[in-house]
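Asker: structure for the following, please:
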Amino acid sequence: MASSAPAYFADFKIPVDLFISKKHPGLPRGNLLFADCSGNIMYGVDLRSPKHGRVLIDAAGKALITMRCSHWILSGSWQCFRGDGTGEDLIFKVERTLNTLSRTEFDIFLGGENCQDSTDFKMKGCPFQRSCTIYKGNSIVAQTSLMYKLGKPFVGRCRFRLTIFPGFDDHPLVVALIVIFFNGRRLSI
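Answerer: Numbering: from 1, shown residues only. A predicted model of the protein is given here:
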């Protein structure tokens, strides 16, 4: 998948951190954003799209991935399309395999209409703790974690970190998977 993320990401051999938040100056209510360590917005998500869809946009406002619930919203089945979703160019499918109070798991299938052959990625974690890990085989592609501060006994859950590890350059795919993982969860306090 072609990415409009800055080219310098692919050159680094260190993890890339993006900070996830709903609270940002100038951000419309109901939207989610992913910013780099300097506070520059890298990706945004329009959460109020029609038909229970979500649209991942880059910093310039270009639609990268449209995510739609393909069945009843609580089933956890998603289809993701290139761009604004009008071309029906299916990139990947996501199926929830486990949903308990303390654990949620998804299988991700890359490809077109016949992408149910084998699992390409797995997502596991606990949405309440803002922890999600994306696996490709036995290796970790990305993970989320809370932002801890020294000297604070309680940690706010409205802003947390997404770390994308070296060797995986398709950042919009990872961001879209994180949006699906936290779908329906209250991300601000």
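Asker: give me the number of residues near Glu88?
Answerer: 10 (other CB atoms under 10 Å). No exception for glycine: its C-beta is placed from N, CA and C like everyone else's.
Asker: distance of the nearest residue to it once chain neighbours are set aside from Arg54?
Answerer: With sequence-adjacent residues excluded and distances taken as CB to CB, 6 or more residues apart in numbering, Glu88 is closest to Phe81, at 6.2 Å. According to CB to CB, to the nearest Å, Phe81 and Arg54 sit 11 Å apart.
Asker: you'd agree the residue nearest to Glu88 is up against Gly87?
Answerer: Yes - using CB atoms under 8 Å, Phe81 makes contact with Gly87 at a distance of 7.1 Å.
Asker: between those two, who's got more neighbours?
Answerer: Ranked by neighbour count (other CB under 10 Å), Phe81 and Gly87 place Phe81 first, with 20 against 10.
Asker: gap between that one and Gly111?
Answerer: 13 Å.
Asker: what is in contact with those two at once?
Answerer: Leu90 (CB atoms under 8 Å, 6 or more residues apart in numbering).
Asker: now do the contacts for Ile108.
Answerer: Phe92, Lys93, Val94, Thr119, Asp120, Phe121, Lys122, Met123, Leu177.
Asker: relative to Lys22, how far out is it?
Answerer: 24 Å.
Asker: any idea which helix or strand comes after the helix or strand hosting Leu33?
Answerer: Per DSSP states H and E: Leu33 is located in strand 31-35. For strand 31-35, the following helix or strand on the C-terminal side (DSSP H and E) is strand 41-46.
Asker: which residue ranges of the chain form helices?
Answerer: Under the criterion DSSP state H, helices of the chain are mapped to 8-11, 171-181.
Asker: which secondary element of this protein has the worst mean pLDDT?
Answerer: helix 8-11 (a mean of 51; mean pLDDT, DSSP states H and E).
Asker: that concludes my questions; thank you for your assistance.
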